[in-house]
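Q: One predicted model, sequence on top.
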Amino acid sequence: MSLTGLFLTIFLIEHLIGNLLVLLQDGGAAFETYSEFLTSNPYAYLPLRFVEAILFASIILHAWSGFTVWLKNKRARLTKYKEYGIAENTKFASRWTAGTALLVFLFLVIHLKAFFWNIRLSGEHVSGYTIAHQTFSNPYYTWFYVFSFIVLGYHLYHGFQSAFQTLGLKTKKYSTLIETIAVVFWCIIPLGFALIPIYILFHPTTLALAK
């Protein structure tokens, strides 16, 4: 679970950098070049499909691992505590890891349907730049997207540091460094993703649809 989680957080960096290209005032040229490289570049096609397969496998393994860990924890103590004070003994992000995971998974399904399916599997040649502009022009989807990344931030807040702790890497020597880097993943990166749809929603005339 830790290894797949760390791999997925690293993927977020590349995904955010590519998505930020949609904000360039070039009619979608840079973003479309990036999209075509990921989908149809003959030299990078096989390596990228291999990475893509690992990505989807990581999502499935991470979700399954999370479920099995939750189930084992639940079965570990069949008799409930008479009194525990969970709010005083655990962090909010830790207590809501399973709940945030379910919300993130729901968002992922909807997001893949809106973008991955329409761009890669629908059989129609639709510009990714156009889909992004049309999708984020819908305020309901935009605010759902923003809310989802707030939830993802909470999920990463606990998960990122827990991964290093599980792997035995969060020692006193590196604890401060890991916590500092964690801020990038649970705060800055989700914030970057959230800013994209907000910008498009409130600046619809500044982004001409790609031809």
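A: All right, it came through fine.
Q: Please make it C-alpha for all contacts and neighbour counts, starting now.
A: Will do.
Q: pLDDT weak spots in this protein?
A: Scanning the chain with the threshold set as pLDDT under 70 gives 77-96, 122-123, 205-211.
Q: buried stuff in the helix ranked longest in it?
A: Using DSSP state H, we find that the single longest helix of the chain is helix 45-76. By neighbour count with 16 or more other CA atoms under 10 Å, helix 45-76 contains the buried residues 48, 55, 58-59, 61-63, 66.
Q: Helices of this structure, start to end?
A: Here the chain has its helices, by DSSP H, at 2-20, 29-40, 45-76, 86-89, 92-95, 97-112, 128-136, 139-166, 175-183, 189-202.
Q: now these in CSV, with distance to Ile119?
A: As requested, these are exported to CSV (distance: least, CA to CA, whole Å):
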stretch, distance to Ile119
helix 2-20, 14
helix 29-40, 9
helix 45-76, 15
helix 86-89, 44
helix 92-95, 34
helix 97-112, 10
helix 128-136, 6
helix 139-166, 18
helix 175-183, 32
helix 189-202, 18
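Q: Go through those helices and name the closest to Arg120.
A: For Arg120, the closest of those is helix 29-40, at 7.8 Å, according to CA to CA.
Q: So what angle separates the directions of the closest one and helix 128-136?
A: Interaxial angle, helix 29-40 versus helix 128-136 (axes from the mean of the first three to the mean of the last three CA atoms, to 10 degrees): 110 degrees.
Q: Extract the C-alpha trace of helix 29-40 and format it as PDB.
A: Extracted in PDB, the C-alpha atoms of helix 29-40 (Å, rounded to 0.1, in the frame of the first residue of the first chain):
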ATOM      1  CA  ALA A  29      -1.200  24.400 -28.800                       C
ATOM      2  CA  ALA A  30       1.200  23.400 -26.000                       C
ATOM      3  CA  PHE A  31      -1.400  21.200 -24.200                       C
ATOM      4  CA  GLU A  32      -2.300  19.400 -27.500                       C
ATOM      5  CA  THR A  33       1.400  18.800 -28.200                       C
ATOM      6  CA  TYR A  34       1.700  17.300 -24.700                       C
ATOM      7  CA  SER A  35      -1.500  15.200 -25.200                       C
ATOM      8  CA  GLU A  36      -0.400  13.900 -28.600                       C
ATOM      9  CA  PHE A  37       3.000  12.900 -27.200                       C
ATOM     10  CA  LEU A  38       1.200  10.800 -24.500                       C
ATOM     11  CA  THR A  39      -1.200   9.200 -26.900                       C
ATOM     12  CA  SER A  40       0.300   8.900 -30.400                       C
END
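Q: Nearest residue to the residue nearest to the spatial centre of the chain in space, please, no chain neighbours.
A: Computing the C-alpha centroid of the chain and ranking residues by CA atoms, centre = their mean puts Leu12 first, at 5.9 Å. Nearest residue to Leu12 in three dimensions, chain neighbours excluded: Ile189, at 7.5 Å (CA to CA, 6 or more residues apart in numbering).
Q: repeat for Phe7
A: Ser58 (7.7 Å).
Q: What separation do you get for the closest residue in space to Ser137 that isn't next to it in sequence and Tyr140?
A: In space, Ser137 comes closest to Leu201 once its chain neighbours are excluded; the distance is 4.9 Å by CA to CA, 6+ apart. Separation of Leu201 from Tyr140 (CA to CA, to the nearest Å) stands at 10 Å.
Q: ditto for His111
A: His111 sits 13 Å away from Tyr140, going by CA to CA.
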